[in-house]
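Engineer: quick one, fold the following:
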Amino acid sequence: MKILFAAPENAFGGFLGMIRSKLPQHHFEATGRFGIDTLKGFDVLIPTMCTVTRELLEQGDRLRLIQQCGAGLELVDLKAARDMNIRVANVPTDISGNADSVAEAAIYLMIGLSRDIRGMAKGLANGKMGEPQGRSLSGRTVGVVGLGGIGRALIKRLKAFDVHLIGIKRHDPQKAGKDLGLEWAGGPEELTKLLEMSDYVVLCLPLTPESRNLMDRNAFSSMKQSAFLINVSRGGLVDRDALEVALASDAIAGAGLDVFWEEPPDPDDPIFSYNVLATPHIAGSTDVSMQGIANAAAENIQRLEKNREPLYLKYPET
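Structural biologist: Numbering: from 1, shown residues only. Here you go, the predicted model:
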């Protein structure tokens, strides 16, 4: 089979090489960029961060499977794929090590902002020892928005930091709160309450039409001035302009971002002149998670080869 990897050859820590080594009988091609020119002649698409439209899918004269190398499928037209009998599958975060890796990165961003890592670099460069003074996580309140695989992995790790944990979950938040040992849990309609209580707001939920621009001007106005926003999920959850206003007006203390409103973001974007600690969409990219994702994706391609139904199929919401 011919498999198209919609990314540079060495993207995501050499993911293409990992999955290629597991499926040597198949032919892989990389687009060389986060874009797709044509799907003609390919049996499988690994879309990575590319938009997959109905018009693009119509070019796929033999496409049978869209297999994401991760969980996110918000850029794939699921309805069009279903109409064309193309299977769409992802790799859930909690089976591959991805959720654990993202949780670790979220804590890195929290600590980096709390200890003022940017200020540290300036102090060291200017020969100033003993400053800046940082904030301890102990005793702070962390609001986790989204209690799926990533949210659960984050909560598990944060308990060791002696923080107060609260959360938002779309379905049955009280049960989730009890199961996870949270001090408070609410539904999406109670987001404002979480924002008002939290010293750190960590976004761990998928991007959907309902969650797009979840963090808008009203949301930022509900946060403490001393609070930090951490986004390790999807850039579309945050209204970029609203975030800049919040940072410029000191409505919040800073932001830790692994995902952005456009990817890659413009490095000269003025938003980075504020207290923003940014990483290039690598929260889930570790040796452990990439091997786990490669194993799951390879298994689905092997199932397709044997005319078996792939695992972790996703369907459009009706």
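Engineer: where does the stretch 201-318 of the chain have low pLDDT?
Structural biologist: Judged by pLDDT under 70, the stretch 201-318 of the chain has its weakly predicted residues at 318.
Engineer: which residue ranges of it form helices?
Structural biologist: 217-222, 240-248, 287-305 (DSSP state H, counting those that start in this stretch).
Engineer: which elements pack onto the first one?
Structural biologist: Of the remaining helices and strands, those touching helix 217-222 by 3 or more CB pairs under 8 Å, 6 or more residues apart in numbering; DSSP states H and E are helix 191-197, helix 240-248. For the C-beta atoms, the positions are set from N, CA and C on the backbone; glycine is no exception.
Engineer: give me the buried positions along that helix.
Structural biologist: 219-220, 222 (16 or more other CB atoms under 10 Å).
Engineer: before we move on, what about the second one?
Structural biologist: For helix 240-248, the neighbour count (16+ other CB under 10 Å) marks 240, 242-244, 246-247 as buried.
Engineer: cool, the longest one as well?
Structural biologist: Of the residues in helix 287-305, 289-301, 303-304 count as buried by neighbour count, 16+ other CB under 10 Å.
Engineer: what strand or helix carries Q25?
Structural biologist: Secondary structure assigned from DSSP states H and E places Q25 in neither a helix nor a strand.
Engineer: ok, now which ones touch F5?
Structural biologist: Residues near F5 by CB atoms under 8 Å, 6 or more residues apart in numbering: 16, 28-31, 46, 48.
Engineer: ok, now how distant is it from M18?
Structural biologist: 11 Å (CB to CB, to the nearest Å).
Engineer: how about R118?
Structural biologist: Separation of R118 from M18 (CB to CB) stands at 34 Å.
Engineer: now I271: how far from A255?
Structural biologist: Separation of I271 from A255 (CB to CB): 9 Å.
Engineer: so which of the two has more stuff around it?
Structural biologist: Using other CB atoms under 10 Å as the criterion, I271 and A255 rank with A255 on top: 26 against 19.
Engineer: for the closest residue to the more buried one other than its chain neighbours, give me its contacts.
Structural biologist: With sequence-adjacent residues excluded and distances taken as CB to CB, 6 or more residues apart in numbering, A255 is closest to L229, at 4.5 Å. Neighbouring residues of L229 by CB under 8 Å, 6+ apart: 201, 203, 215, 220, 223, 238, 243, 252, 254-256.
Engineer: for L229, list each beta-bridge partner.
Structural biologist: V201, A255 (DSSP bridges).
Engineer: before we move on, the earlier item: higher neighbour count, R118 and M18?
Structural biologist: M18 (19 against 15).
Engineer: and the contacts of F5, which are buried?
Structural biologist: 16, 28, 30-31, 46, 48.
Engineer: domains in this protein, by residue range?
Structural biologist: 2-90+286-305, 98-278 (automatic domain parsing).
Engineer: strands along the chain, start to end?
Structural biologist: Along the chain, counting by DSSP state E, strands occupy 2-5, 27-30, 44-46, 65-67, 87-89, 141-145, 164-168, 184-186, 200-203, 228-231, 254-257, 276-278.
Engineer: K314: which of those strands is closest?
Structural biologist: Nearest to K314 among these is strand 87-89; the distance by CB to CB comes to 5.1 Å.
Engineer: mind checking how far that closest one is from the chain centre?
Structural biologist: With CA atoms, centre = their mean, to the nearest Å as the basis, strand 87-89 stands 19 Å off its chain's centre.
Engineer: if you count contacts, what does that strand end up packed against?
Structural biologist: For strand 87-89, the packing partners by 3+ CB pairs under 8 Å, 6+ apart are strand 65-67, helix 78-83.
Engineer: again, only using 10 Å
Structural biologist: strand 65-67, helix 78-83, helix 287-305 (3 or more CB pairs under 10 Å, 6 or more residues apart in numbering; DSSP states H and E).
Engineer: what does the average pLDDT come to for it?
Structural biologist: Mean per-residue pLDDT for strand 87-89: 97.
Engineer: next: stretch 31-51.
Structural biologist: So the average pLDDT for stretch 31-51 ends up being 95.
Engineer: next, the buried residues of it.
Structural biologist: By 16+ other CB under 10 Å, the buried positions in stretch 31-51 come out as 31, 34, 36, 39, 42-50.
Engineer: any shared contact partners between I271 and A255?
Structural biologist: 243-244, 247, 278 (CB atoms under 10 Å, 6 or more residues apart in numbering).
Engineer: just the residues you listed now: which is nearest A11?
Structural biologist: Once CB to CB is applied, the member of the shared contacts of I271 and A255 that ends up nearest A11 is A278, at 18.3 Å.
Engineer: ok, for that closest one, nearest residue in space, not its chain neighbours?
Structural biologist: L257 (4.9 Å).
Engineer: before we move on, back to that, give me the buried entries from the contacts of L229.
Structural biologist: Among these, those buried by neighbour count (16+ other CB under 10 Å) are 201, 203, 215, 220, 223, 238, 243, 252, 254-256.
Engineer: can I get the residues you listed in TSV with distance to E190?
Structural biologist: Converted to TSV, the buried ones among the contacts of L229 look like this (distance: CB to CB, whole Å):
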residue	distance to E190
V201	13
L203	16
M215	15
F220	17
M223	15
V238	19
L243	22
I252	20
G254	24
A255	22
G256	23
